[in-house]
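Q: Structure for the following, please:
(chains A and B)
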There are 2 protein chains.
Amino acid sequence: MGNADYVYSTTTNVVESAHRVAVPPPQPFLKSLASSLKETFFPDDPLRQFKNKPPSRKLVLGLQYFMPILEWGPRYSLEFLKADLIAGITIASLAIPQGISYAKLANLPPILGLYSSFVPPLVYAVMGSSRDLAVGTVAVASLLTASMLGDEVNAKENPTLYLHLAFTATFFAGAFQASLGILRLGFIVDFLSHATIVGFMAGAATVVCLQQLKGILGLEHFTHGTDLVSVMRSVFTQTHKWRWESAVLGCCFLFFLLLARFFNKRRPKLFWISALAPLTLVILGSLLVYLTHAEKHGIHVQVIGELKKGLNPLSITDLAFGSQYLPTTIKTGIITGVIALAEGIAVGRSFAMYKNYQIDGNKEMIAFGMMNIVGSFTSCYLTTGPFSRSAVNFNAGCKTAVSNIVMAVAVMITLLFLTPLFHYTPLVVLSSIIIVAMLGLIDYEAAIHLWHVDKFDFTVCMSAYIGVVFGSVEIGLVIAVVLSVVRVLLFVTRPRILALGNIPNSMIFRSVDQYPNANLVPGILILEINAPIYFTNSSYLRERISRWIDEEEDKLKSSGETSLQYVILDMGAVGNIDTSGISVLEELKNSTERKGLKLVLANPGGEVMKKLNKSKIIESIGQEWIYITVGEAVGACNFMLHTFKPKPMTVNGSETWSDNV
Amino acid sequence: MGNADYVYSTTTNVVESAHRVAVPPPQPFLKSLASSLKETFFPDDPLRQFKNKPPSRKLVLGLQYFMPILEWGPRYSLEFLKADLIAGITIASLAIPQGISYAKLANLPPILGLYSSFVPPLVYAVMGSSRDLAVGTVAVASLLTASMLGDEVNAKENPTLYLHLAFTATFFAGAFQASLGILRLGFIVDFLSHATIVGFMAGAATVVCLQQLKGILGLEHFTHGTDLVSVMRSVFTQTHKWRWESAVLGCCFLFFLLLARFFNKRRPKLFWISALAPLTLVILGSLLVYLTHAEKHGIHVQVIGELKKGLNPLSITDLAFGSQYLPTTIKTGIITGVIALAEGIAVGRSFAMYKNYQIDGNKEMIAFGMMNIVGSFTSCYLTTGPFSRSAVNFNAGCKTAVSNIVMAVAVMITLLFLTPLFHYTPLVVLSSIIIVAMLGLIDYEAAIHLWHVDKFDFTVCMSAYIGVVFGSVEIGLVIAVVLSVVRVLLFVTRPRILALGNIPNSMIFRSVDQYPNANLVPGILILEINAPIYFTNSSYLRERISRWIDEEEDKLKSSGETSLQYVILDMGAVGNIDTSGISVLEELKNSTERKGLKLVLANPGGEVMKKLNKSKIIESIGQEWIYITVGEAVGACNFMLHTFKPKPMTVNGSETWSDNV
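A: Next comes the predicted model:
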C-alpha cells in the first residue's frame, strides 16, 4: 500500500489500522471506587497540605483549617488595620439602619437587627475564609422567615412564641449549613443555577418592595399574603386609610436615597455617599420628627419606639425544640439556610476570584453554620454575607475579615450607648431604605443577557420570578429548581445526534449542521452521539438511529445513488454507558445486520471501552471494526467499498496517504 | 512553510489555521424551538405517513392509527388463523388458573381473574400494535393493589367497597396510561431503567412468594405487612396452626410444577408442557379433593368455592368517584398503571425488535389505557401484557393479536359453562402456581451480569430489591427511581476531565489514562471535558481545572522542565453549555491570563459555538485561538513555542506536515 499505517489482511478480509483502540488498564474495584468518591466529595483535595508533616504541625494545620484567623492573624499589620478600620466603620453605618429595617421586615423586634450585626460577624471573623465578605442579615431571608413562620404563628398576637421560633429556625439553618459543610455536600448548592438565583432574587425583591407599601402608606391592616394580587387588593381597597404624611415623607426619603444611588453609579469613587446615606436619613428623619414634635400637631407618624440598651441576651433557653410548630420551624430553617448559603458562597467566591485567592466552599459552609448556631444562642436571627454590604466593604478597601470585627465593635457601641437615638426614627425611613436596597437586587440586565444567550435559562429565570411574585416564595423556588433539573435531565434524555461529513481537503469529519461545506460520504452514514448513553435515552437513541438509517436508505433508493453499506457511530462524545446503553448497541448491531449493513464504532472513550469489554460486545461487533478516529474508520470502509483503491489526499500536488485523527 | 494549510501572519503574530471553526448558520428562534419540541415529543415522526394524501385517505389512516385492527384485519389469512388458534388456546390454558390465582392475590373475588382475561384482550386486539403480546393480569400489580388499597380498606370486612375501589383504581390507571400516550409523554416510562426493573420485579416476586406461605401452610390469620420480617414473624409465631394437609399437598403441587418448568428449560420445544401444567394441576387438584371427599374425613382443605356463571357484569355504576378514599385510589391507580405500562411496553418492544417490526410506544400506551378504562366498566381489574404469557404466546407460534381473541373466546366459554369445575379446586394449587410463576421473575442471571458490567447499576438493582423485601413495594420503587436519577445527575455534576497526550507517530491526541503510551506535550496542558458545562458542574469544573493547572505548574517547577505556556480545552465532548458555563469559561480565561498562560479552545460543537458567539466570549478569547481539532491547536502552540520550527511527522522516511484532525 505504500503506507506502513494500514495493513490489509487477506485472512480476515479487513483493513487493520495501526492504532488499536485500547481498553484502559483494569483498576481494582476498590481503588476506582475510592478515586470516584474522592473526586465527588473532595475535588479540591483539602488534605493535600497535610501530607508529609510532623504530628504537631498537623494539629496546628487542623486548628487553622477550622479557624483561619489563627493563620492570617499572626501576619496582621498596622496597614491592614487602617484599611479595615475605614471599611468596618463604613459597613457599620450601613449595618445599623439595614439591620433595624430587615428585622422589622421579619416581624421581629428591631433591636434583633443590631444584635445580629454584633455576634455573627465576630464568629465569621474567626472561622471564615473570605477577606471581603461582610456579615449581616438579608431582606430575602427575613421575608421568608416572616412568611413561613407567619403562616403558623401571628407575630402580633404571639410575639414571644414567634421570637423563639425564629431563634429555633436560625439554629436549624445553622445546623443544616454546618452539616452540609462537614459532609462535603456543598455541591448541592450548585443546583441553584445563576438564572434561578437572578429570577428568584428579583422576585423576592419585588415582593419585599410591595410589602413596604404598608409602611409608606401608613396602613394598619395589611394582607398576610405576599403575592402581587393580594397586596394590590389590600392597598386599593383601603385608599381612604392612606396617610398622606407617611406617603409624602416616604417619597422624599426615597428620592434622597435614589439620588445618592445615582451619584454612586455615575462616580463609583464616591461609593461612600450611598453607603452613608441610610444612616444620614435615619438621623435626619429622627431629627425631623423630634423637632417638629409631630404628634402634637395631630400628624401621626409611626416611629420605631423604645430600643433596649445593652448587648445580646442569651437565648439558649428560648429555643423551642418541643414546640408543636417544630416541623415548620425546621422547614423554615432549612430553606432560609440554603438560600442564605447560596448567596454567601457566591459572594465569597466572586471576590476570591477577583482578588485571586482560594476559598474552600465546604469550610465556608461550616463557618456560616457555626455563625448561625452561635447566633441562635445569642438572640440573633439568620445572617449571611449579603452582596451589597460585601461590595461596600470591598470598595472601602477592606483587607481581611477584621473589617467585620470593627463593624461588630461599632454596633456594640451603638447597643451600649446610642439606642436612644432611634427612638424617634419614622418607620417610613426604614421602608425607603429597604425599597432602595431591593432595587439593587432586581438585576434586569442579567435577565436581558440571559434572553440573548440562552432562552431556556431565561425561561427558568422568568418562571422563578413569576412564581415568587404571583404565587409565593416557596413556589417560585421550587419551580426554579425543578426547571433547572429538568433541563439537565432533558439533555440526557434527548441527546443530539449529528450527521458528520468530510471537511474538504482533509480527513476531518464534522457535523454538517455546523459546517455546511462538509460533504457526506457516499455509502457510509456517520452519526455522532452527543451524550452518555443511559437508560433515560437508550430507547430514544435506538429508535432515532434506526429511523435515520431507514430515511437514508429511502433517500438513496429514490435518488439512485450508492446504497448504504456502513454505519459509523462516533462515540467520542459519549462519556459513559450503562447496561441499557449496552443493550442498545447490541440491538443496533443486530438490526443493522438484518438490513445488510455493518456497524462500526469510532473513538470510544475509556469508560465506554471498559463496559464494552466486560459485556463482550467487542467480540460481537468485532475488535477490528472499532477505530480510534472517524477518519480511520472511513478510510477502512472506503477500502472495502472501492476494492483497495485508497482515497488520496493532495498535499502540494503529490498523493500521500495521511494519518487520520 | 511548504504547507498551504497553515499561514503564519506577521501582523497578528499568530498562526492561522486553514480550518475556521464555524458558528452554525443562525436559525429563527421559533423554528429551532419547533424542531426541539418535535424531537422531544415526536421522535418517531408518526405523522410522516400522513403527508401528501387526499383527505379521505387521511381519515382512513387516522382511524387505522387508533385501531390497527382495521389495517391488518383485511389482510388476515387462514394460515394465520391456524397458528393463532393454537397459540390462543395455549395461553388460555395458562390464563384461567393464573387469572384466578392473581385475583386471590389481590384479595378480589377469583372470578375477576376470568373477567379480566375476557374483555381487555378483546380491546387490545382492536387497538394494540404488538403481534405477540398476550393480555392478562399480573402478580406484581395484584400485590400492589392489595397492599395499597388494603392499607385503607380491609378486604374481608368490606368486600364490596374494596371491590369498587379496585375498579376505580383500574379506571384511573387506564386514564393515566391513555393520557401519557396522548400527550406523548411516553419517555417518562424510560426513567425506570433495566436495573431498576430487575431489582424491583425480583423483590416483588419474593414478596408474593412470601405471601403464599399463608395458603401453603393453611393459616387463617396473616400479617398485613408485606416485608420479610413481618411475614416471618407471622409464620413462626403460629407454628402450631400450620396445617399439614395443605403443606403436603402444596409441596407435591410445587414439585410437579417445578418439574414441568425444568423440562421446559431442557427442551424448549416442549414449552407447552409447562404451559398446560397449571391447568392440569387445577383439574387434578379438584379431582383429588372431590373424589376423596376430603372434608368428610376431617381433613380440612380450603377450596375456591362457588364461582358465578355468566359473563362480565357492568360495573360503571360501581366506580367510587365520591369516596373518601379517592386520593388513595388515584395513587394506587397511577403507581400500578405506570408499572404495568413499563412491563407492557418493554414486552411489546422486545418482541417487535426480535421479529423486526415497529411499535409506536405512545400508541401502545393509548391501547393499554383504553383496555383498562373499558375493563373498569366491565368488572375487570388492572391488566397489561405480562412477559411470561407473551413468551408462551410467541413460542406457540402466534401471528397476530387474534391469539388474544381466541383466548378471550376460550375464557368466555369457561365463564358460561365451565365454572363449576373450579368448585373443589384447593387454594394450595393456586399458591403453587403463583410461586412457580414468580420464580421466573427472579432474574438472578441479569443481576450477576449487572455486577460484572456496571456496579452502580448493580447497586440500584439491589437497593430496589432490598427496599421492596424489607420495606414495602412503594419504598423499593421510590428508592430505585431516585438512585437512577441521581446517577444521571452525578454524571453531569462531576464530569470527567482527562489529560490528553500525543499518540506517537501521529497527530492524534487521546487520554493518557486510556492510552498509556500517549506522551504529554511539553509546555502545553491539554484537558478534555466529557460532559455539557451546566450550572450543576460549572463551579466544580472551574476549581478542578484551576487546581490541575496549579499542580502541573508545581510539578514542572520542581522537575525543572519547560514551564506551562498554553492550556488547551478539548470541547469536542461538551454537548451544550449554559450561562453558568459561559461564566466559567470567562473566569478560566481571566485566571489563566493572570498566571501568564494562554487559554485555547479546540473543537467546540455547534450549540457551544452559538452560545460563545452570543455571549461575546469569542472576542474575549480571540477567534484565532479557537481551533477545529486538538492537533491544529497543538501545532499552532508548538509554532509559537519553538519559534516557527514545525513538528515534523515521519511518513516513509520523508518529513511531511500532515493535516490534523
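Q: so where do the helices sit in the stretch 501-650 of chain A?
A: A:535-559, A:579-594, A:606-614, A:617-621, A:630-641 (DSSP state H, counting those that start in this stretch).
Q: try the stretch 301-450 of chain A
A: Here the stretch 301-450 of chain A has its helices, by DSSP H, counting those that start in this stretch, at A:326-355, A:361-377, A:387-395, A:402-413, A:427-439, A:444-453.
Q: then the last one to PDB, C-alphas only?
A: The C-alpha atoms that make up helix A:444-453 are tabulated as PDB, following Å, rounded to 0.1, in the frame of the first residue of the first chain:
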ATOM      1  CA  TYR A 444     -32.700  43.200  34.800                       C
ATOM      2  CA  GLU A 445     -29.500  43.500  32.800                       C
ATOM      3  CA  ALA A 446     -28.700  39.900  33.700                       C
ATOM      4  CA  ALA A 447     -32.100  38.800  32.600                       C
ATOM      5  CA  ILE A 448     -31.700  40.600  29.200                       C
ATOM      6  CA  HIS A 449     -28.300  38.900  28.900                       C
ATOM      7  CA  LEU A 450     -30.000  35.600  29.500                       C
ATOM      8  CA  TRP A 451     -32.500  36.200  26.800                       C
ATOM      9  CA  HIS A 452     -29.800  36.800  24.300                       C
ATOM     10  CA  VAL A 453     -27.600  34.000  25.200                       C
END
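Q: Could you point out the helix or strand that follows it?
A: From helix A:444-453 onward toward the C-terminus, using DSSP states H and E, the following helix or strand is helix A:455-466.
Q: orientation of that next one relative to helix B:579-594 in degrees?
A: 110 degrees (axes from the mean of the first three to the mean of the last three CA atoms, to 10 degrees).
Q: From the contact counts, what lies against helix A:455-466?
A: Contact here means 3 or more CB pairs under 8 Å, 6 or more residues apart in numbering or on different chains; DSSP states H and E; on that basis helix A:455-466 packs against helix A:194-217, helix A:444-453, helix A:473-493. In short, each C-beta sits where N, CA and C put it, glycine included.
Q: that older thread, take the helices of the stretch 501-650 of chain A and write them to a markdown table, including mean pLDDT.
A: Conversion of the helices of the stretch 501-650 of chain A to a markdown table gives the following (pLDDT from 0 to 100):
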| stretch | mean pLDDT |
| --- | --- |
| helix A:535-559 | 86 |
| helix A:579-594 | 88 |
| helix A:606-614 | 87 |
| helix A:617-621 | 85 |
| helix A:630-641 | 87 |
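Q: Can you say which of these is packed in most?
A: With neighbours taken as mean count of other CB atoms under 10 Å in any protein chain shown, these reach their highest mean count in helix A:630-641, at a mean of 22.
Q: Now do the contacts for the residue of the stretch 1-150 of chain A found nearest chain B.
A: Each residue of the stretch 1-150 of chain A has a distance to chain B, by CB to the nearest CB, and the smallest belongs to A:Pro24, at 4.6 Å. Neighbour list for A:Pro24: A:606, A:609-610, B:513-514 [criterion: CB atoms under 8 Å, 6 or more residues apart in numbering or on different chains].
Q: With respect to A:Gln358, which of those residues is nearest?
A: When the contacts of A:Pro24 are ranked by distance to A:Gln358 (CB to CB), B:Asp513 comes first, at 26.4 Å.
Q: check contacts around that closest one.
A: With CB under 8 Å, 6+ apart as the criterion, the residues that contact B:Asp513 are A:24, A:606, B:498-499.
Q: Quick check: it vs A:Leu165, distance?
A: Note on B:Asp513: its distance to A:Leu165, by CB to CB, to the nearest Å, is 53 Å.
Q: Please apply the same query to A:Val60.
A: As judged by CB to CB, A:Val60 and A:Leu165 stand 41 Å apart.
Q: Of those two, give the one with the bigger neighbour count.
A: Comparing A:Val60 with A:Leu165 by neighbour count (other CB atoms under 10 Å in any protein chain shown), the higher total belongs to A:Leu165, at 27 against 14.
Q: Provide the secondary structure category for the more buried one.
A: The three-state label for A:Leu165, taken from DSSP: H, G, I helix; E, B strand; the rest coil, comes out as helix.
Q: so who does it touch?
A: Counting by CB under 8 Å, 6+ apart, A:Leu165 makes contact with A:149, A:152-153, A:320, A:323, A:325, A:328-329, A:332.
Q: where are the low-confidence patches of chain A?
A: Applying pLDDT under 70 to chain A flags the ranges A:1-20, A:22, A:43-52, A:294-300, A:643-661.
Q: A:Leu489: neighbouring residues, count only.
A: 17.
Q: Quick check, it in contact with B:Val485.
A: Yes. With contact defined as CB atoms under 8 Å, A:Leu489 and B:Val485 form a contacting pair (7.3 Å).
Q: For A:Gly181, which residues are in contact?
A: Residues counted as contacts of A:Gly181 (CB under 8 Å, 6+ apart) are A:362-369.
Q: same check, this time on A:Leu311
A: A:115, A:118, A:412, A:415-416.
Q: Which of those are buried, as a ChimeraX select command?
A: To isolate the buried members of those in ChimeraX, using 16 or more other CB atoms under 10 Å in any protein chain shown:
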select /A:115,118,412,415
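Q: Which residues of the stretch 51-200 of chain A lie near chain B?
A: Within reach of chain B by CB under 8 Å from any CB of the partner chain, the stretch 51-200 of chain A has these residues: A:187, A:190-196.
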